[in-house]
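J.: just coords:
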């Protein structure tokens, strides 16, 4: 059963099959991370618990540099990204985070962060709105 194309069916057998497929997909993901065939990058955002927003960095300005340069989501080689927000982990393919970042940029949710030695530029992702920001979710609603 294709997890991405499944719609709700109030049927125990279908729901069970979907749940089992999803569990197997997660096991395969975790095994791939463990054996190195899948790359994972994990970020923490200690302010997200209070603001309800994730900060997705796409540029930074190294100490002594004249201008900002690509970083974060723009340069990662990870296949999957996760944000740890308090006790909750939000895990998605890197391509999904990039889609979210582009949509947040388009919506004008750009921010600069001067915490630490290297100022960064990024976008804020309102956690409550993230599913609505994804193009694949918008297309599925049509």
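T.: Received the coordinates, thanks. If you're wondering where the values come from, they're calculated on a predicted model, not measured in any experiment.
J.: Please enumerate the helices of this structure.
T.: 12-35, 48-51, 94-106, 130-133, 135-141 (DSSP state H).
J.: What residues sit buried inside the second one?
T.: For helix 48-51, the neighbour count (16 or more other Cβ atoms under 10 Å) marks residue 48 as buried. For the C-beta atoms, the positions are set from N, CA and C on the backbone; glycine is no exception.
J.: What lies in contact with that helix?
T.: 54-55, 83, 85-86, 124, 127 (Cβ atoms under 8 Å, 6 or more residues apart in numbering).
J.: Go again with 6 Å.
T.: Contacts with helix 48-51, where a contact means Cβ atoms under 6 Å, 6 or more residues apart in numbering, come from 54, 85-86.
J.: so of the residues you listed, which ones are in strands?
T.: In strands, judged by DSSP state E, the following of the contacts of helix 48-51 are found: 54, 85.
J.: among the contacts of helix 48-51, which ones are buried?
T.: Taking 16+ other Cβ under 10 Å as the criterion, what is buried in the contacts of helix 48-51 is 54, 85.
J.: could the contacts of helix 48-51 go into TSV alongside pLDDT and distance to residue 76?
T.: Putting the contacts of helix 48-51 into TSV (pLDDT from 0 to 100; distance: Cβ to Cβ, whole Å) gives the following:
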residue	pLDDT	distance to residue 76
54	97	15
85	94	19
86	92	23
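J.: Residue 11: which of the contacts of helix 48-51 is nearest?
T.: Nearest to residue 11 among the contacts of helix 48-51 is residue 85, at 33.5 Å by Cβ to Cβ.
J.: Which residue, other than its chain neighbours, is closest to residue 98?
T.: The shortest distance from residue 98 to any residue other than its chain neighbours is 5.9 Å, reached at residue 73 (Cβ to Cβ, 6 or more residues apart in numbering).
J.: so that neighbour sits right up against residue 100, yeah?
T.: No. Residue 73 is not in contact with residue 100 according to Cβ atoms under 6 Å; the separation is 9.0 Å.
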